[in-house]
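A.B. asks: Fold the stuff below for me.
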Amino acid sequence: MYQSLYRKYRPDSFDKVIGQDHITKTLVNQIKSGNIAHAYLLTGTRGTGKTSVARIFARAINCLSPINGSPCGECDCCKKLLSGTSLDVVEIDAASNNSVDDARAIRDNVRYSPVDCRYKVYIIDEVHQLSGAAFNALLKTLEEPPAHAVFILATTEVQKIPATIMSRCLRLDFHLVPQETLERHVAHIFDLEGVKYTPEGVSAIAAAGEGSVRDTLSVADMCVSYSDIVDYDSVLGVLGANDPSMIAKIVFATLSGDVKCAIELVEEAASLGKSIQLLTRDLTKYFRDLIIIKHDNECNKVLKLPKKLFDAAAEIAVSFDAVVLMRALDIFSGIEAKSRYSNQPKILLETAIIKTATLSGEDLTDLIAKVAGIEAKLKEYESGGAAKPEYSALKSLLSIPAERPAVTQNSAPTTPAPSGAEDIPHFDPSSAVESLPFDVTPTEKETPIETDAFPKDFSEVQAKLPEKLRLEMLQLRGRILNVLRDHPLKMLFVALGGDLDGSEQHSDDKVPDTLMSLSEGKIIIAFKNEMNYNYCNTPSRIEELKKVVSNEIGAPVEVVLVNCSDSQGLTTGDLIKLFSGAERININRRK
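C.D. replies: Numbering: from 1, shown residues only. Modelled structure (predicted):
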């Protein structure tokens, strides 16, 4: 009769137990020295070897000629114990024998001496399912058992064991088996069984086992029956997992803001009969993989993905900012937990996709700010009729450099007409100044131009500040970011404008999303990104900023954070006044 792999390859000696060296070494040393405890408590996740170790230990302490602490398998005691004909090793399933009467039966029988062996061993599996009365009935026996009795208690939920029981036992904690160890174990069994396999397939089996040897071999057993060659695709087919290319498409569409495509792909996956909970879990895991790849291009030795899938994931990871990926992982992790108890997991998944897609398109601008901006534009269009052009080229044409005298309407400069000028309609910029939706006329003292429009980014504010002040602000920002580069709160460095690769966002081709100014013992930090503002605007992080800035400046300073997103209604003119000290403004007002 066919025997499952996990039963066929159950270890029969300590040297065959994998991933639990700290336990096998302890037990072997006790056997060699003869210091056998009267009670043991084996605890750990399912499939990590608790029952197997208990059986090996029961045979080893009764073996007439143990080999390196393990049973020889040749003596009479070993043969009887292996065949199950000995009465001196008793296995009890506490799940079905959990009453006080069962505990009393153990108490009454333990006083009888062993028949064939040196010790009488009681292996009580799933001991946490014993009733309270049954535990109490065993207390005295566990504390002072006969010299020939050894108790081995095994459980997966040690927190349910009474403290009075644990204090009478030698506790041994079984750990989850590392994936690399499981891979070697599965490959060794496949070699013995003559099964053809690929390294990616074995890695997928070991990953599905999640540290449990029994679960891993159960998956391997199904894969052997499913396909002649155990490869990555066949393992996914056995597990009922989603197509990796489908997962990659959904993730890319979500991060790119293509809600329609992402929702259609979810519908397609659902139509194939895939579990929505499993789909959510696969998407969450993929976002986790992207974050790892973002920080380590050589991480496939950890992820163990096929090269084709890893290359595709690497391209997606490079295309998006790490903060975007972290936000997506945070959203999907929360949805995965909620979907387990929801009657509508598909709605939760679609909500997560829409939320992530909406936030990913504009550097994690808060959803409320984005909606508010759209509503403001709609109101402007409705009040003005047709949508007005951006005027960006015309505004650049009419901008007046600070180092040159102001050009008034009565002294507009004239330039020679280029060749072909007769084909170009005549246009007088001075006649169009009043019709523009912005002010291009400087003051008499040539102070920075102030407008009533919201700045698209901080480059508009910087361009209108005095050059000396602008350089001082850039220098201050560089100093603060340089200090925060190696700060334990890495996200604080990112929120203030640093990149995760350790650089600051102040290159010529990169517009900063924070501005900093120091005056009168106060540092003002303005944020264009509302999410970064919200991250920094907590008491603990403000205190940390005070500490960092005070240490760098050499004097105590107060920290003032300003939210300059469009939802706050602060115009370019407001920000110029704020940083130039021309007048006080209400930085918390909304338009």
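A.B. asks: wait, what's in contact with Pro455?
C.D. replies: 461, 528, 564, 571-572, 575 (Cβ atoms under 8 Å, 6 or more residues apart in numbering). (C-beta placed from N, C-alpha, C; glycine too.)
A.B. asks: what do you get if the cut-off is 10 Å, keeping everything else the same?
C.D. replies: Pro455 is in contact with 461-464, 528, 564, 566, 570-576, counting by Cβ atoms under 10 Å, 6 or more residues apart in numbering.
A.B. asks: List buried residues within those residues.
C.D. replies: Neighbour-count burial within the contacts of Pro455 applies to 461-462, 464, 528, 564, 566, 570-576; the criterion is 16 or more other Cβ atoms under 10 Å.
A.B. asks: Now render these as a markdown table, adding distance to Ile124.
C.D. replies: Conversion of those to a markdown table gives the following (distance: Cβ to Cβ, whole Å):
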| residue | distance to Ile124 |
| --- | --- |
| Val461 | 73 |
| Gln462 | 74 |
| Lys464 | 79 |
| Lys528 | 64 |
| Cys564 | 66 |
| Asp566 | 67 |
| Leu570 | 70 |
| Thr571 | 75 |
| Thr572 | 76 |
| Gly573 | 79 |
| Asp574 | 74 |
| Leu575 | 72 |
| Ile576 | 77 |
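A.B. asks: Return the helix or strand in the chain with minimum mean pLDDT.
C.D. replies: helix 392-398 (a mean of 29; mean pLDDT, DSSP states H and E).
A.B. asks: Give me the domain ranges for this structure.
C.D. replies: Using automatic domain parsing, the domains assigned to the chain come out as 5-173, 179-239, 244-360, 458-580.
A.B. asks: Relative to Leu378, which of these is closest?
C.D. replies: Leu378 lies closest, by Cβ to Cβ, to one member of the domains of the chain: domain 458-580, at 13.8 Å.
A.B. asks: The closest one spans what distance, first to last residue?
C.D. replies: End-to-end distance of domain 458-580 (Cα to Cα, to the nearest Å): 15 Å.
A.B. asks: Let me know the average pLDDT across that domain.
C.D. replies: Over the span of domain 458-580, the pLDDT mean works out to 78.
A.B. asks: Any idea how many residues pack against Gln159?
C.D. replies: Other residues lying near Gln159 total 7 when counted by other Cβ atoms under 10 Å.
A.B. asks: Tell me who's in contact with it.
C.D. replies: Contacts of Gln159 were listed using Cβ under 10 Å, 6+ apart, and they are 43, 128.
A.B. asks: Dihedrals phi and psi, it?
C.D. replies: Recorded main-chain torsions at Gln159 are phi -70, psi -20, according to degrees, to the nearest 10.
A.B. asks: what's the distance between it and Thr43?
C.D. replies: According to Cβ to Cβ, to the nearest Å, Gln159 and Thr43 sit 9 Å apart.
A.B. asks: Mind listing the shared neighbours of the two?
C.D. replies: Residues within reach of Gln159 and of Thr43 at once, by Cβ under 10 Å, 6+ apart, are His128.
A.B. asks: could you measure Ala60 against Arg171, distance?
C.D. replies: Using Cβ to Cβ, we find Ala60 at a distance of 19 Å from Arg171.
A.B. asks: make that Cys75, sorry
C.D. replies: As defined by Cβ to Cβ, Cys75 lies at a distance of 30 Å from Arg171.
A.B. asks: again with Ser203
C.D. replies: Using Cβ to Cβ, we find Ser203 at a distance of 33 Å from Arg171.
A.B. asks: Repeat that for Leu496.
C.D. replies: Separation of Leu496 from Arg171 (Cβ to Cβ) stands at 48 Å.
A.B. asks: Of these two, which one has the most company?
C.D. replies: The residue with the greater number of neighbours, taking Leu496 and Arg171 and applying other Cβ under 10 Å, is Leu496; the counts read 25 against 14.
A.B. asks: and the residue lying closest to that one once chain neighbours are set aside, what does it touch?
C.D. replies: Closest residue to Leu496 in three dimensions, ignoring its sequence neighbours and counting by Cβ to Cβ, 6 or more residues apart in numbering: Thr514, at 5.5 Å. For Thr514, the contact set (Cβ under 10 Å, 6+ apart) comprises 458, 477, 480-481, 495-498, 504-506, 525-529, 532-533, 536, 561-562, 564.
A.B. asks: Show me what the one helix or strand Arg281 maps to is packed up against.
C.D. replies: Under DSSP states H and E, the secondary-structure element containing Arg281 is helix 276-295. Based on contacts counted as 3 or more Cβ pairs under 10 Å, 6 or more residues apart in numbering; DSSP states H and E, the elements that helix 276-295 packs against are helix 244-255, helix 259-271, helix 300-303, helix 307-319, helix 322-339, helix 345-360.
A.B. asks: For Lys468, find the nearest of those.
C.D. replies: Go through those one by one with Cβ to Cβ and the one that ends up closest to Lys468 is helix 322-339, at 32.9 Å.
A.B. asks: could you pull out the strands for this protein?
C.D. replies: According to DSSP state E, the chain carries its strands in the segments 39-43, 89-93, 120-125, 149-155, 170-173, 196-197, 229-230, 514-519, 522-527, 558-563.
A.B. asks: could those strands be laid out in TSV, adding distance to Gly49?
C.D. replies: Written out in TSV, the entries for these read as follows (distance: least, Cβ to Cβ, whole Å):
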stretch	distance to Gly49
strand 39-43	9
strand 89-93	16
strand 120-125	13
strand 149-155	10
strand 170-173	11
strand 196-197	24
strand 229-230	24
strand 514-519	54
strand 522-527	53
strand 558-563	54
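A.B. asks: Next, work out how far apart Ser52 and Ile106 are.
C.D. replies: Distance check for Ser52 against Ile106: by Cβ to Cβ, it reads 22 Å.
A.B. asks: Tyr112: neighbouring residues, count only.
C.D. replies: Burial measure for Tyr112: 12 neighbouring residues, criterion other Cβ under 10 Å.
A.B. asks: In contact with it, which residues?
C.D. replies: In this structure, Tyr112 makes contact with 87, 120, 146, 148-149, judged by Cβ under 10 Å, 6+ apart.
A.B. asks: low-scoring stretches of the chain, by residue?
C.D. replies: Applying pLDDT under 70 to the chain picks out residues 359-377, 379-454, 499-510, 566-569, 581-591.
A.B. asks: what's the nearest residue to the residue most central in space within it if we skip its chain neighbours?
C.D. replies: Per Cα atoms, centre = their mean, the C-alpha nearest to the average position across the chain is that of Arg288, at 5.0 Å. On the basis of Cβ to Cβ, 6+ apart, the spatially nearest residue to Arg288 that is not a chain neighbour turns out to be Leu329, at 6.0 Å.
A.B. asks: Give me the number of neighbouring residues for the one you found.
C.D. replies: Counted with other Cβ under 10 Å, the burial measure for Leu329 works out to 20 neighbours.
A.B. asks: Of the buried ones among the contacts of Pro455, which belong to helices?
C.D. replies: 461-462, 572-576 (DSSP state H).
A.B. asks: and of these, the nearest to Tyr232?
C.D. replies: Nearest to Tyr232 among these, with distances taken as Cβ to Cβ, is Gln462, at 51.5 Å.
A.B. asks: How about that closest one: what's its closest non-neighbour residue?
C.D. replies: For Gln462, the nearest residue in space outside its immediate sequence neighbours is Arg470; the separation is 5.5 Å by Cβ to Cβ, 6+ apart.
A.B. asks: Hmm, Phe579 and the one you found touching each other?
C.D. replies: Yes. A contact is recorded between Arg470 and Phe579 when judged using Cβ atoms under 10 Å, the distance being 9.1 Å.
A.B. asks: Neighbour count: the two, which is higher?
C.D. replies: Taking neighbours as other Cβ under 10 Å, Arg470 and Phe579 compare with Phe579 leading, 23 against 17.
A.B. asks: What sits closest to the more buried one if chain neighbours are left out?
C.D. replies: Looking at Phe579 with Cβ to Cβ, 6+ apart, the closest residue is Ser517, at 4.9 Å.
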